[in-house]
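**Student:** Return atomic coordinates for the entry below.
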Amino acid sequence: MEEQFVLRVPPSVAERIESLLNENGSSSDDKSLDLPFSEDGRNGTFVIGNDRFPASPLDLPCIVESYKTYDDSVLINTADIGQMIMVREQCDPRPDAVEYRHGLTSPMRDARRQRFCREPDLNPELVQRVERDLLNIMAGGTTENMDILVSFLLHLPIDTKK
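**Tutor:** You can find the predicted model right below:
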């Protein structure tokens, strides 16, 4: 089974990775890449050449699908990505939470709060009472503790002579 994740790196590191992937066996200081993690799995070190950068795995606010194509017309879903490994500079602070608040693109900024509604706070006793009333109504009965209001229409004579 294929496992995938998103690797987010600072721009300077991204240039070094791109040059490493594009070179054809020429000599370079950045010949090695490594990403070891500690025992807890929440702290890591991204190593490129002789430089070390702190890294942290973060859960994404939603699942991101990854696709592959063999003929440039048909896309095949290869994985559902739920984590991102964020590599940061030494001076940048460590993320406080385990979950990354924002998605991968600008429209998904603060996605949990803007796009996914919270579950309403419901009183469990109220839910049970409504459920009981619905079962009574479906069985042909009436609801408990129901006030019946009867309204009367007043028939007033209409004066058409005016």
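
**Student:** Name the residues of the longest strand along the chain that come out as buried.
**Tutor:** In the chain, with assignment by DSSP state E, the single longest strand is strand 51-69. Neighbour counts over strand 51-69 (16 or more other C-beta atoms under 10 Å) mark 53-58, 60-61, 64 as buried. Heads up, the C-betas are built off the backbone N, CA and C, glycines and all.

**Student:** need those in a markdown table with pLDDT, can you?
**Tutor:** Output for the buried residues of strand 51-69, formatted as a markdown table (pLDDT from 0 to 100):
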| residue | pLDDT |
| --- | --- |
| 53 | 94 |
| 54 | 93 |
| 55 | 93 |
| 56 | 91 |
| 57 | 91 |
| 58 | 91 |
| 60 | 89 |
| 61 | 86 |
| 64 | 89 |
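
**Student:** Which of those residues sits closest to residue 89?
**Tutor:** Among those, residue 53 lies closest to residue 89 (C-beta to C-beta), at 6.7 Å.

**Student:** so is the residue nearest to the closest one when sequence neighbours are not counted in a helix, a strand, or just coil?
**Tutor:** Nearest residue to residue 53 in three dimensions, chain neighbours excluded: residue 46, at 4.6 Å (C-beta to C-beta, 6 or more residues apart in numbering). Classification of residue 46 by DSSP: H, G, I helix; E, B strand; the rest coil places it in strand.

**Student:** For residue 46, grab the count of nearby residues.
**Tutor:** Counted with other C-beta atoms under 10 Å, residues neighbouring residue 46 total 22.

**Student:** Now do the longest strand of the chain: which elements does it pack against?
**Tutor:** strand 44-48, strand 75-87, helix 111-115 (3 or more C-beta pairs under 8 Å, 6 or more residues apart in numbering; DSSP states H and E).

**Student:** Surely residue 95 is in contact with residue 86?
**Tutor:** Yes - Residue 95 lies in contact with residue 86 (C-beta atoms under 8 Å); the separation is 6.8 Å.
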